[in-house]
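Student: here's a sequence, model it:
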Amino acid sequence: MAPPESPGGPRRLARVSRCLCFSASHRLHSKSLSDEENQKLFGKCNNPNGHGHNYKVEVTVQGEINPATGMVINLADLKDYMQEAIMEPLDHKNLDKDVPYFADVVSTTENVAVFIWENLQKHLPVGTLYKVKVYETDKNIVVYKGEKALPKA
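Tutor: Take a look at the predicted model:
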């Protein structure tokens, strides 16, 4: 296979993913619902003492393959960004008590994915972050790509 063309040739785009795992506890509980409504909606996940997960996170970035380096992003840099944006604020924490973001946001996996997206955006060049995929369990997975809901009519 021929090497990538030099500058001036076709631009090549690629996506690169990196995974990590962190452990955290939380309680699914919405302040806008009564205790009875929370219990009915969240069941055992509404336990006042909380429960924990070993989360797996897959971060995907996209961009042009640099013809000089052959990379979309230096994986060492991505590792550092993920450490700062994910591991430091979330690993071995009680999401509801230790992470200010979740003081008024229910700590569902959907909202964990949004939190991670927003934190990573602070480190990555604009338009680079493509997808955050959070595995709460092997069977419960959330994918977030930065989309915002359409305004309600």
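Student: only C-alpha atoms for contact and neighbour calcs from this point on.
Tutor: Fine.
Student: where does E147 fall, phi/psi-wise?
Tutor: phi -70, psi 150 (degrees, to the nearest 10).
Student: distance of it from E136?
Tutor: Separation of E147 from E136 (Cα to Cα, to the nearest Å): 20 Å.
Student: between the two, which has more neighbouring residues?
Tutor: E136 (20 against 7; other Cα atoms under 10 Å).
Student: mind listing what that one touches?
Tutor: The contact partners of E136, by Cα atoms under 8 Å, 6 or more residues apart in numbering, come to H53, N54, Y55, K56, T109, V142.
Student: closest one of these to Q62?
Tutor: Q62 lies nearest to V142 out of these, by Cα to Cα, at 19.1 Å.
Student: what's the burial count for that closest one?
Tutor: 17.
Student: that one is in what secondary structure piece?
Tutor: strand 141-144 (DSSP states H and E).
Student: tell me the helix or strand right after the lengthiest helix in the chain.
Tutor: Under DSSP state H, the helix in the chain containing the largest number of residues is helix 109-121. Next in sequence after helix 109-121, counting helices and strands by DSSP H and E, comes strand 129-135.
Student: residues near P151, how many?
Tutor: P151: 5 surrounding residues under other Cα under 10 Å.
Student: please apply the same query to T137.
Tutor: 11.
Student: so what's it closest to, chain neighbours aside?
Tutor: Y55 (6.9 Å; Cα to Cα, 6 or more residues apart in numbering).
Student: ok, the one you found to H26 distance?
Tutor: Remark: distance between Y55 and H26 (Cα to Cα) = 12 Å.
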